[in-house]
Structures are given as C-alpha cells and as structure tokens.
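*Asks:* Let me see the structure of the following:
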Amino acid sequence: MSDVFISYASNDVKRVERIYARLIGSGFDVWWMQRLLPGESPIKSVSRELESARNVLLAWSRAAAESPYVEGEIMHAFGHRKLLPVRIEKWSWPAFLSSVQYVDMTPDDDEAEAWRRIEARLQQTSPTDGTAGLLRNTPRFAVPYSAGPVVKMTTSMLVLTIVFAVALDGAYRAILEGDLQALRAAQFIVQLLTILAAAPMLLAVRRVLRAWRSRPTRLR
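*Replies:* Numbering: from 1, shown residues only. Okay, here's the model as predicted:
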C-alpha cells in the first residue's frame with residue numbers, strides 16, 4: 001500500500017517528476033507509471049495501485065483534462081474520498097469537481113506554501129511520520145457523508161405503513177361489530193406506530209444535518 005498514487009498525463013512527465021522526487025525525499029511511498037516494471041500489465045498494475053493507495057495526487061493540466069485515463073483515476077479517487085488535486089498548469093478546473101479545492105503549484109504560485117499544504121494533507125493518512133493516527137478522523141475534502149441508509153429507512157417505513165393499515169382495518173371492524181376491547185387494542189397499536197414512525201424521521205433529519213455539516217470545504 002503506497003502513501004501516494006500520482007495521476008497525471010504522459011505529456012506532463014517532466015513536471016510530475018519533480019513532484020515525485022520531492023515526495024520520495026520527504027519519506028513518502030509513491031507510485032506512478034514510471035515505476036511500472038517490464039512485462040507488467042499496465043491495466044492490472046494501475047488498478048491495483050490505485051485501489052490500495054492512501055491518497056491520489058492529481059497533477060492537473062490541460063493534458064490531464066484531455067486524458068480519459070486520468071478522468072477514470074479522478075472518479076475512483078473522488079468516490080473513495082482520497083483525491084488530492086494539485087494544479088500544475090493554469091487550466092480551468094472541471095465543473096464536476098467544483099466543490100473540491102485544489103493546491104496551486106504553477107510557476108506563478110508560492111511553491112513552499114503549496115508543499116506545506118500537500119505534506120500536511122498526506123501526513124493525515126500516511127504512517128511515515130508517526131502521527132497519522134492522530135488526524136485519522138479529520139474530514140477530507142472530496143465527498144460529504146451519506147444522507148442516510150435509504151434502504152433501511154424505506155423498509156422500516158413500508159413495514160410501519162402495512163401494520164398501520166392492518167390496525168385501521170381492525171379498528172373499522174371493531175366499530176362495525178361493537179367490540180370495544182378490539183377497538184381499544186387497535187387504538188393502542190395506532191398510537192404506538194405513530195411513536196415508532198418518528199424514529200426513522202429523526203434519523204433522516206440527523207443524517208441530513210450531518211451531511212450538511214460535513215459538506216466539502218476549501219483548503220486554507
């Protein structure tokens with residue numbers, strides 16, 4: 001398992017080489033296509049390393065924007081909340097990543113500050129500095145929490161709806177037959193179901209609030 005998988009376009013190999021050398025010099029375990037051994041399958045190797053890497057450093061440029069391979073790696077990293085975008089060329093940021101803040105590392109930017117941000121992020125997930133576990137729960141900046149277990153809540157509400165319908169039918173029959181005891185039992189069930197129905201609703205509200213609080217934020 002590597003600390004960093006570098007996603008980049010082949011046209012940017014010279015610029016990315018500097019990033020690779022700096023990361024290696026800082027003690028991080030880094031994988032990029034230049035480490036591919038003769039005879040290895042590129043597809044299998046990239047898939048394996050991309051899956052196991054703790055972070056995916058995206059070297060963003062015009063060439064990267066036009067690369068279908070880079071796009072696939074971005075989507076994987078985004079979905080697994082381990083995307084670390086670094087813009088190495090003044091090229092427009094894609095709309096589907098508009099909520100993700102990148103680090104600028106172009107000739108016009110403060111390279112020292114860029115490296116401070118990059119290494120601070122990597123140290124949160126890498127065991128190389130001995131403090132990775134302290135910040136393990138720090139929110140990353142790609143994907144917010146899910147709004148809730150939709151399947152479970154839907155199933156619960158469906159079950160409650162069915163039981164509620166049965167209780168109403170029982171109450172209707174009790175009224176027709178003048179069975180006071182059965183009517184009271186049906187009334188109790190309806191009241192109990194009302195209380196139980198509140199639980200999934202409270203859970204849904206809690207999840208929505210949690211998702212709102214954990215929405216993507218910008219790096220400072």
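
*Asks:* just checking, what packs against the host helix or strand of Arg116?
*Replies:* For Arg116, the element it lies in under DSSP states H and E is helix 111-125. With contacts taken as 3 or more C-beta pairs under 8 Å, 6 or more residues apart in numbering; DSSP states H and E, helix 111-125 sits against strand 55-60, strand 83-87, strand 103-104. The C-beta positions use only the backbone N, C-alpha and C, and glycine is treated the same way.

*Asks:* name the helices or strands packed onto the helix or strand just after that helix?
*Replies:* As assigned by DSSP H and E, the chain's next helix or strand after helix 111-125 is helix 150-177. Applying 3+ C-beta pairs under 8 Å, 6+ apart, we find helix 150-177 packed against helix 180-213.

*Asks:* domains of this structure?
*Replies:* Under the assignment automatic domain parsing, the domains of the chain span 4-135, 150-213.

*Asks:* Where among the ones you listed is average confidence lowest?
*Replies:* Lowest mean pLDDT of the domains of the chain: domain 150-213, a mean of 73.

*Asks:* so how far is that domain off the chain centroid?
*Replies:* Distance of domain 150-213 from its chain centroid, counting by C-alpha atoms, centre = their mean, to the nearest Å, is 34 Å.

*Asks:* Could you do stretch 83-97 as well?
*Replies:* For stretch 83-97, the distance to the chain centre is 17 Å (C-alpha atoms, centre = their mean).

*Asks:* ok, now stretch 81-99?
*Replies:* 15 Å.

*Asks:* which ones are touching the nearest residue to Pro94 once chain neighbours are set aside?
*Replies:* Once flanking residues are discounted, Pro94 sits nearest to Ala65: 6.8 Å by C-beta to C-beta, 6 or more residues apart in numbering. Going by C-beta atoms under 8 Å, 6 or more residues apart in numbering, Ala65 touches 91-92, 94.

*Asks:* swap in Leu193?
*Replies:* Applying C-beta under 8 Å, 6+ apart to Leu193 gives the contacts 160, 163-164, 167.

*Asks:* hmm, 6 Å instead?
*Replies:* 160, 164 (C-beta atoms under 6 Å, 6 or more residues apart in numbering).

*Asks:* ok, now Tyr102?
*Replies:* 85, 87.

*Asks:* what about it, distance to Leu57?
*Replies:* From Tyr102 across to Leu57, the span is 11 Å (C-beta to C-beta, to the nearest Å).

*Asks:* mind listing what's buried in stretch 69-79?
*Replies:* 69-70, 73-74, 76-78 (16 or more other C-beta atoms under 10 Å).

*Asks:* now the residues you listed in TSV, with secondary structure and distance to Leu37?
*Replies:* As requested, these are exported to TSV (DSSP: H, G, I helix; E, B strand; the rest coil; distance: C-beta to C-beta, whole Å):
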residue	secondary structure	distance to Leu37
Tyr69	helix	19
Val70	helix	22
Glu73	helix	20
Ile74	helix	25
His76	helix	22
Ala77	helix	23
Phe78	helix	28
